[in-house]
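S.K.: Next input, structure requested:
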Amino acid sequence: MSTNKDDLKGKFTEAKGKVTGDDTEELKGKAQQGLGKAKDKAQEVADNAAEKINKKADEKKESGNDSE
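M.R.: Predicted coordinates:
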């Protein structure tokens, strides 16, 4: 899985919160990491759907060409 900006920013914010003892900042970082993971998952689902649609379109195109 790829690492995105939200995940990196979240890790930094979480670490900053741990170093400074700021629980709110630490939680904010964890939430930002969660957002990054959710975005990654959504992109993965979209990519898989696009791949299936393209495969079906290619199959349909090939089956149409066989009759020529």
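
S.K.: hey, let's count contacts and neighbours off CA atoms from now on
M.R.: Fine.

S.K.: Which helix in this structure has the most residues?
M.R.: Among the segments of the chain that qualify as a helix by DSSP state H, the longest is helix 23-65.

S.K.: and it, how far out from the chain's middle?
M.R.: Chain-centre distance of helix 23-65: 6 Å, with Cα atoms, centre = their mean, to the nearest Å.

S.K.: Quick check: which ranges of this protein have low pLDDT?
M.R.: Applying pLDDT under 70 to the chain picks out residues 1-3, 65-68.

S.K.: which residues touch K30?
M.R.: G10, K11, E14 (Cα atoms under 8 Å, 6 or more residues apart in numbering).

S.K.: if we go to 10 Å?
M.R.: When contacts are counted by Cα atoms under 10 Å, 6 or more residues apart in numbering, K30 touches D7, K9, G10, K11, F12, T13, E14, A15, T24, G36.

S.K.: In strands, which of those residues fall?
M.R.: Among the contacts of K30, no member is found in strands (DSSP state E).
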